[in-house]
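J.: Make a model of this:
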Amino acid sequence: MIKPRIIVTGATGKTGSVVVSELLKAGYPVRAMVHQEDGRSARLKAQGAEVAVADMSDVERVADALKDVQRAYYCPPFDPYMIQGALAFAVAAKEARLEHIVVMTQWLASPSHPALMTRQHWLVDRLFSMTPGVGHTIVRPGFFADAYLVTIGSAIHLGVFPWIFGGSRNAPPSNEDIARVAVAALIDPARQAGKNYRPTGPELLGAEDMAKAVGRAVGRSVKVVPTPAWLFMKAARMIGYLIDVLSGIRYYIDDHKRGAFELGAPTTDVLDVTGRPPEDFETIARRYAALPGNQRTLGNWFREFAQFMIAPLSPGFKFDRYDRELRRPFPSKPQFATESKVWRREHAIANTAKPAVPGRDHLPIPATSRGQRLEF
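T.: Numbers count the residues shown, from 1 in each chain. This is a model prediction of the structure:
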């Protein structure tokens, strides 16, 4: 039996690259859609994927990429033109008569969120749910474990774990678990069509919990260092975060502090969909600690120390000016996720649930399954 061809957008990214790898292992023909050919796309070819080069907003190139494709993993680019790209993909998917699309959006997706990207993610959810003749599954993870481990070099070399989220918690999933949920939905669309999932890690963790897990992973004592958001933003810019990403993160810090990632978490989605328990934070941290750039060498220590000292003096982004020059729309009554009735209804959060506040004792929140039918 010939297996359907599956296209993977964002194929060189954190989840897309794993989706490609897992599908190839399962014997599916994979077309990897990339923005440009480079060393990363060459590695995808070497694995056995066919590579298609296309800008997500280029309707004709996207249509070419979808020829002879039956299913798709769609991971929207994090840029101001997300909706244009999603619409181009939806038009091409309908014309190509795709059977099924697995769409990656966002835990916080809601219609009046102050972050443009988050409002766009909410619209992307609806766009694909309204595309006639094409089945869809939506995957909405919160902050990945990757987001907390981007500073693991500080833990390894300096013994510190920077933290900007107050007393709130998260059950962060690994890139690999998120990708495996998407792969399961691509392999069995008849079972997964019309469902949405919020993959998480196995347990809620706060700053001290994560620092201890990282300490065990790197083999030394690691201390939580409360860090102001402005310093984090400068450090993030230094290591290459784009302004569009940080433009959203400046709001997500507040979402995190308000407890948006712990309401309804952890879920059982990873186990329910993949049949495998989710990876715990320490296991993920050990993988990051083993990367060459995090090894205990004099050069890596010097780089971490230099970044630690220079970050406060480095320039930041001028978000207000950026928003003004792009003429970005802004809701008349912006609402963070936990304030939004729409978000709470779509995440099945009871209105009696209280968001987290720094220093509060947390009540246990049972694991939930989110494999529910979409009701738009």
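
J.: now the helices for the stretch 51-200 of the chain?
T.: 59-65, 82-95, 116-129, 145-149, 152-158, 175-187, 189-192 (DSSP state H, counting those that start in this stretch).

J.: For I138, find the nearest of these.
T.: helix 116-129 (5.6 Å; Cβ to Cβ). Quick note: C-beta positions are derived from backbone N, CA and C, even for glycine.

J.: Need the contact partners of the closest one.
T.: Helix 116-129 is contacted from outside by 74, 76, 78, 80, 82-83, 86-87, 90, 101, 103, 105-106, 108-113, 134, 136, 138, 140, 196, 244, 247-248, 251, 328-329, 331, 337, 374, 376, using Cβ atoms under 8 Å, 6 or more residues apart in numbering.

J.: Report the buried members of the residues you listed.
T.: 74, 76, 78, 80, 82-83, 86-87, 90, 101, 103, 105-106, 108-110, 112-113, 134, 136, 138, 140, 196, 244, 247-248, 251, 337, 374 (16 or more other Cβ atoms under 10 Å).

J.: could the helices of the stretch 51-200 of the chain go into CSV alongside mean pLDDT and distance to G275?
T.: Shown next, in CSV, are those (pLDDT from 0 to 100; distance: least, Cβ to Cβ, whole Å):
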stretch, mean pLDDT, distance to G275
helix 59-65, 95, 31
helix 82-95, 94, 28
helix 116-129, 93, 26
helix 145-149, 95, 21
helix 152-158, 94, 29
helix 175-187, 98, 8
helix 189-192, 92, 13
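
J.: so which of those helices gets nearest R237?
T.: Among the helices of the stretch 51-200 of the chain, if distance is taken as Cβ to Cβ, the winner is helix 145-149, at 15.3 Å.

J.: Please enumerate the strands of this structure.
T.: Counting by DSSP state E, the chain has strands at residues 6-8, 30-34, 50-53, 71-74, 100-104, 135-139, 160-163, 195-197, 223-226, 372-373.

J.: Relative to the fifth one, what are the paired strands and their orientations?
T.: When sheet partners are counted by DSSP bridges, strand 100-104 sits next to strand 71-74 (parallel), strand 135-139 (parallel).

J.: With mean pLDDT and distance to L186 as added columns, please give those in a markdown table.
T.: Converted to a markdown table, the strands paired with strand 100-104 look like this (pLDDT from 0 to 100; distance: least, Cβ to Cβ, whole Å):
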| stretch | mean pLDDT | distance to L186 |
| --- | --- | --- |
| strand 71-74 | 98 | 5 |
| strand 135-139 | 95 | 8 |
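
J.: one step back: just say which of the helices of the stretch 51-200 of the chain is most tucked in.
T.: helix 175-187 (a mean of 25; mean count of other Cβ atoms under 10 Å).

J.: What helices and strands are in contact with it?
T.: Applying 3 or more Cβ pairs under 8 Å, 6 or more residues apart in numbering; DSSP states H and E, one finds that helix 175-187 contacts helix 16-25, strand 71-74, strand 100-104, strand 135-139, strand 195-197, helix 269-274.

J.: Of all these, which one is nearest G48?
T.: Closest among the helices and strands packed on helix 175-187, using Cβ to Cβ: helix 16-25, at 5.1 Å.

J.: Quick one: distance of the closest one to the chain centre.
T.: Helix 16-25 sits 16 Å away from the centroid of its parent chain (Cα atoms, centre = their mean, to the nearest Å).

J.: the inter-axis angle of it versus strand 100-104?
T.: 150 degrees (axes from the mean of the first three to the mean of the last three Cα atoms, to 10 degrees).

J.: Any chance of a markdown table for the strands of the chain, columns distance to T151?
T.: Output for the strands of the chain, formatted as a markdown table (distance: least, Cβ to Cβ, whole Å):
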| stretch | distance to T151 |
| --- | --- |
| strand 6-8 | 29 |
| strand 30-34 | 28 |
| strand 50-53 | 33 |
| strand 71-74 | 29 |
| strand 100-104 | 24 |
| strand 135-139 | 26 |
| strand 160-163 | 5 |
| strand 195-197 | 28 |
| strand 223-226 | 10 |
| strand 372-373 | 35 |
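
J.: what's around I243, how many residues?
T.: For I243, the count of nearby residues is 12 (other Cβ atoms under 10 Å).

J.: And K25, by the same measure?
T.: Residues lying near K25 (other Cβ under 10 Å) number 11.

J.: Could you report the pLDDT at it?
T.: On the pLDDT scale, K25 is placed at 97.

J.: Check F143 too.
T.: 94.

J.: Burial check on it, number of neighbours?
T.: 21.

J.: hang on, it packs against S168?
T.: No: applying Cβ atoms under 8 Å as the test, F143 and S168 come out as separate, 10.6 Å apart.

J.: so what's in contact with the two at the same time?
T.: Common contacts of F143 and S168 (Cβ under 8 Å, 6+ apart): H256, F261.

J.: Now tabulate the helices of the stretch 51-200 of the chain in a markdown table and tack on distance to E50.
T.: Formatted as a markdown table, the helices of the stretch 51-200 of the chain follow (distance: least, Cβ to Cβ, whole Å):
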| stretch | distance to E50 |
| --- | --- |
| helix 59-65 | 10 |
| helix 82-95 | 17 |
| helix 116-129 | 24 |
| helix 145-149 | 27 |
| helix 152-158 | 34 |
| helix 175-187 | 16 |
| helix 189-192 | 21 |
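
J.: nearest to V51, of these?
T.: Closest approach to V51 among these (Cβ to Cβ): helix 59-65, 9.8 Å.

J.: so what secondary structure elements neighbour that closest one?
T.: strand 30-34, strand 50-53, helix 82-95.

J.: Nearest to A63, out of the ones you listed?
T.: helix 82-95 (4.2 Å).

J.: How far does the closest one sit from its chain's centre?
T.: 20 Å.

J.: which stretches of this structure have low pLDDT?
T.: Applying pLDDT under 70 to the chain flags residues 349-376.
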